[in-house]
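Q: After the sequence you'll find the predicted model.
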Amino acid sequence: MSGERRVGPLREKSGAVLRQRNARLGLAILAFFALVAILAPVIAPFAPNADLLSLEPGVKSLAPPCIHLLGCPADQWQHLMGTDSNFRDVLSRVIWGARISLVVGFVTVGFAIVVGATLGAIAGFVGGRTDGLIMRAMDILLVFPSLILAIAIVTVLGSGLANALLAIGIVAIPVYARIMRASVLTVREADYVTASRALGESQLGILVRRVLPNALTPIVVAGTLGIGGAVLDVAALSFIGLGAEPRTPEWGLMIGLERNRVFAAPHLLIFPGLAISLTVLAFNLFGDGLRDALDPRLER
Amino acid sequence: MASYILRRLLISIPVLFAIVLVVFVVARVLPGDPCTATLGERATEEQCRQFAIRFGLDQPIPVQFAAYLGQVASGDLGTSIKFQLPVTELIIERLPTTIELSFYALLFAILVGVPLGIVSAWRRNSSVDVGTMLFANIGFSTPVFVLGLLLAWIFAIVLKGTPFALPPSGRLSSGVDVIPLAEVWGLTALDGLPRAFLDFLSGIYTLTALITFQWEALVDASRHLILPAIALGTIPLAIIARITRSSLLDVLALDYVRTARAKGLGERSVILRHAFRNAILPVVTIIGLQVGILLSGAVLTETIFNLAGVGKTVYDAITGRDYVVIQGFTLVIAIGFLIVNLLVDISYAYLDPRVKVGG
């Protein structure tokens, strides 16, 4: 083609990602939740732990959603998602919960990538005994079902959101260690790496400047796809009472605390559940699009 | 083949040892005192001393580990502090629940997931494909506990009184019992390993009810299994459908498929007889990998549907500091994992003659 426009690699890649329908949908949902999270103090009708008993005369606990547009009597206070058993507004808690769930995914996966990629890089680059030791340790981590391992780790560290994140992060380490090690092994013998070595570049320099950039794509793709799983696992830990502290507006915990009442008041299950599903779905769709766009082996 | 299996088994031994060690150490660093966790916060110091002596907790850790290894080697997994029952007995009682639940969950996932994946690949980019993949994405993104509670609410509360109503908890309705195999077959005098095996099988209610013609119990047990199996099987279903689709699409692009089409074979024959057989390998791998997901999901599913299985037991044991149970059950889970991985590897050799077992 004549008059070709030079497009930087970053812009080219992000363009390819955005051409994916799934990625666009995922990104849109994530942007929506991010907006909700940022604007929480403005758009939430109440504070997440506001006790409506003192604010609103005649408020009922476990009240189903009251929406004026849908025929809820105008003399009743409007609660789009109803109230919970502690006289709190569910909509406000779901909105504030977006702040937690969006962040937990990035934090856990970020931690797992940093630790896992470092271990994988060392294993692949040093090789020999170090390699064997690191990778066998990873194998052993992988033998345990992730949630059971996470429960054990949280029990050792003590329950709480920070420890739950750490536990889910630790459980995810082997995935990134393996990807990183495989990338290092393929790139290590490449001609351009041999050339750098001949030019006298240090081991660390080769690792950081030659090997890492080539291993980044599979790590980023796996990481994005892993965020959804991490959000699910953190919600599950909170649901069984090993994650967020009781008053926190965390979606999994909101369902866990009302577990015995959701049959009588299904809105307590449906709205936080929908919020978790949508967030995870968005991360997964975006990760899929990212993979399709960045993996050269996939035909388009 | 035999030597391959043997070699794989031998490789598993050091891994197994490492697992026993890790589990032992982790169980020991759990904070909290097993004495107060079992006897209550008001247990006296003397009571706790007696308690420690009784369960060997006063010995140095390496001595405890050596004693534990010796026990495990002789098939004794210790006695649960909380239940006052041998762990092996507890496993015989609770493992069948989880095996049965996981089996039906996986069956549901395969029977629905594989055909969905095939149809999706066959009608690529059609509305069927887009719909199926959207469904798979949603299934993959819904937490097990949300889906489980949602199903329980719909089928036990909303549909109550209709023919579609299903029980939301337990394994059998009250008043319905599955008569154990030992009793049906008049083998109550049996003991030792054969009896343990029979009791283990009897714990798989649908199997026992089926082979001993206990129809009422079979129907009742199956009805109790439907909701938890769907809740537990949906994430594996989504994964299996996606892998089937992408694997089949890869194979459909190959030359020999074009040849098959050029020969004038019908699309059905091309997909089912030619392409699918080569596309199935990644699907088998993924099915093998679901065991971990199933066991993680089992913790949640068993909690929600009130089933006394392995997942719930491990969770209760970890939170109740029941060391012996944690060790015993994790060991069984790890062994189960190793066996499943071995089975997956062996099934490769059968499914794909290109995989050289000797190599």
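A: Sure, I can see it.
Q: going forward, measure contacts and count neighbours with C-alpha atoms only.
A: Fine.
Q: So in chain B, which helix runs the longest?
A: helix B:215-252 (DSSP state H).
Q: buried residues in it?
A: Of the residues in helix B:215-252, B:217-218, B:220-252 count as buried by neighbour count, 16 or more other Cα atoms under 10 Å in any protein chain shown.
Q: again with stretch A:56-63
A: A:59-63.
Q: Residue numbers of the stretch 51-200 of chain A in contact with chain B?
A: Proximity of the stretch 51-200 of chain A to chain B (Cα under 8 Å from any Cα of the partner chain) is limited to residues A:140, A:143-148, A:151-152, A:155-158.
Q: hmm, back to that, which one of the buried residues of stretch A:56-63 is nearest B:Ile91?
A: A:Leu62 (40.1 Å; Cα to Cα).
Q: I figured that closest one hits A:Thr83, correct?
A: Yes: look at A:Leu62 against A:Thr83 with Cα atoms under 8 Å: they come within range, at 5.1 Å.
Q: measure A:Leu269 to chain B for me?
A: Applying Cα to the nearest Cα, to the nearest Å, the value for A:Leu269 to chain B is 7 Å.
Q: Now do the same contact list for that residue.
A: Contact analysis of A:Leu269 by Cα atoms under 8 Å, 6 or more residues apart in numbering or on different chains lists A:255, A:262, B:146, B:149-150.
Q: Is it correct that it falls within a helix?
A: Yes: assignment of A:Leu269 by DSSP: H, G, I helix; E, B strand; the rest coil places it within a helix.
Q: Can you tell me the element the most centrally placed residue in chain A falls in?
A: Centroid-nearest residue in chain A: A:Gly105, 2.2 Å away (criterion: Cα atoms, centre = their mean). Using DSSP states H and E, A:Gly105 maps to helix A:90-126.
Q: Surely A:Gly287 and A:Ile219 touch.
A: No: A:Gly287 is beyond contact range of A:Ile219, at 11.3 Å (criterion: Cα under 8 Å).
Q: who's more crowded, these two?
A: Set side by side, A:Gly287 and A:Ile219 show more neighbours around A:Gly287, with 26 against 21, by other Cα atoms under 10 Å in any protein chain shown.
Q: Whichever strand or helix holds the more buried one vs helix A:90-126, what angle?
A: For A:Gly287, the element it lies in under DSSP H and E is helix A:267-294. Per axes from the mean of the first three to the mean of the last three Cα atoms, to 10 degrees, the angle that helix A:267-294 makes with helix A:90-126 is 40 degrees.
Q: and helix A:267-294, what's its mean pLDDT?
A: In this model, helix A:267-294 has an average pLDDT of 91.
Q: do stretch B:236-253 as well
A: Averaging pLDDT along stretch B:236-253 yields 90.
Q: At which residues are the helices of the stretch 151-300 of chain A located?
A: Counting by DSSP state H, counting those that start in this stretch, the stretch 151-300 of chain A has helices at residues A:161-188, A:191-198, A:203-205, A:212-239, A:251-257, A:267-294.
Q: should've said the stretch 51-200 of chain B
A: Using DSSP H, counting those that start in this stretch, the helices of the stretch 51-200 of chain B run over residues B:61-73, B:87-122, B:127-141, B:144-152, B:181-184, B:192-202.
Q: Tabulate the ones you listed (JSON lines), appending distance to B:Asn341.
A: Shown next, in JSON lines, are the helices of the stretch 51-200 of chain B (distance: least, Cα to Cα, whole Å):
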{"stretch": "helix B:61-73", "distance to B:Asn341": "22"}
{"stretch": "helix B:87-122", "distance to B:Asn341": "16"}
{"stretch": "helix B:127-141", "distance to B:Asn341": "23"}
{"stretch": "helix B:144-152", "distance to B:Asn341": "24"}
{"stretch": "helix B:181-184", "distance to B:Asn341": "30"}
{"stretch": "helix B:192-202", "distance to B:Asn341": "23"}
